[in-house]
Structures are given as C-alpha cells and as structure tokens.
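[1] coords below, sequence missing:
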C-alpha cells in the first residue's frame, strides 16, 4: 500500500509548514492547484520537493473556494465544473513539465471529493474531465484517485468506460460512517488524533478493514493510505505509518 498526503496548501503569506518534513515519508503528493489553496510559487516548490524525494505527483483540484479551503459544496453546472478541473490539472501539469517531471494522477479535494463519491453525475463529470485531458496527451494516462468503498467494482466499471485507471484510497486520520464514507468534519471526533489514526492505519494495512463511528467493521480494499497535511501530528503519523508498510 502507498502513502499519500495533500500538500502545496500554503497560499501567499499563509503557510502550512509540514511539506519538507512529510515528503520524505510518502509515496504520493496531492498538490493543490490554486482554487482552494496554493499559488504558482507554492505549486512549483511542492513539485520540486516531490521530484527531489522521488514522490509521485497528483493534481488536487477543488471547487473555487479559497475562503472555505474547498470544504464547502457548490452547485456548479457540469460544463463549468469540467473546465475548472481541467484548468487546475493543466496548470499543475504545465508547471511540472517546466520542473522536468509530470503529474501522474488526479485526486479531487475536500467537498468536491466528497460530492463525487455521493453523486454519480459529479463523478461522471470528474471522470470525463480527466478522460478528455488523456485523449489529448501522449503521456501515460492520468489516473483518478477515489475513496475505497463497497462500490469499488461499480467505480471500476464506470472508469473503464472512460479509459481511466483508478487508485483507491483509505484514510488513516478520518472517522468512517457505516456507509463507508467520511464522517463530516463538523462532527466531534471526525478527525482522529494521532493514537487513533495509527490504530486505524494498522487495521487497514493488516486486515483491510476499518471500524466505523458506530463500531461496525467494514472491508476497505485500498491501494493508498492518506494522511492529511493539516491533521495535528501529520508528520509523526506519516513517519510511524511508514514503519507498518
């Protein structure tokens, strides 16, 4: 199993200073593309840091919501949302090319990620956005990173229709609902502390299961495990998870 983290989420004078420390612990970096966080300089710095540590680069597009850090849902027409996603992925891909590397996958951020997992129309728009980029590229097709749930098979079938490779991810630092989705951050305990995150990571890695908020056990078939860069103790969590892998 790979280890991934959402990074490049500083913006102007606002800094999220975990990147240089955590990059050495991860396999995949999901880099913000300017809509929820990140700016051209931050994007370039994150790309160069990922390149230095031989970390795969993923574009981390979001709804246009700097004030809400991309964690607020927005009602956006499909054509407009598709263009927003393509704009962000293209910006990061262009910067990566300048830096002598490439983007290899796309992981939507925050509310966009949660919405696509609940709404088949939004998922279809996200898949189409990436498929259209792939159609015009001579590089290895971009993959889409989605949440591992009981619907993995259905998502694989949908992705095959668009010619998209999929990465399925699980979360070390977030509480799960009985439906296999992430509990809202507005609920106390939805973001796990370090000790609980490590226990959940061990369970996911050793048995491929997760214990939900109600105490139920769910099977989670994942390729990659996420540690959020803004989770308290993220560097320590990532470093300790690395010893499990």
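    Yep, it's here. These figures come from a predicted structure and were not determined experimentally.

[2] how deep is residue 200 tucked in, by neighbour count?
    Residue 200: 23 surrounding residues under other CB atoms under 10 Å. C-betas here are computed from N, CA, C, even on glycine.

[3] just the one 10 residues further on next, same as before
    Here the count is done by other CB under 10 Å, and residue 210 has 23 residues near it.

[4] am I right that it sits in a strand?
    Yes. Assignment of residue 210 by DSSP: H, G, I helix; E, B strand; the rest coil places it within a strand.

[5] next SSE after the lowest-mean-pLDDT helix or strand in the chain?
    Using mean pLDDT, DSSP states H and E, the weakest-scoring helix or strand in the chain turns out to be helix 19-22, at a mean of 82. Next helix or strand after helix 19-22 toward the C-terminus (DSSP states H and E): strand 28-32.

[6] packing partners of that following strand?
    strand 2-7, helix 40-52, strand 56-60 (3 or more CB pairs under 8 Å, 6 or more residues apart in numbering; DSSP states H and E).

[7] how far off centre is it?
    Relative to the chain's own centre, strand 28-32 is displaced by 7 Å; criterion: CA atoms, centre = their mean, to the nearest Å.

[8] average pLDDT for it?
    Regarding strand 28-32, the rounded mean pLDDT is 97.

[9] and for it, what's in contact with it?
    2-9, 23, 38, 42-43, 46-47, 49-50, 55-60, 62, 92, 105, 107, 109, 145, 224 (CB atoms under 8 Å, 6 or more residues apart in numbering).
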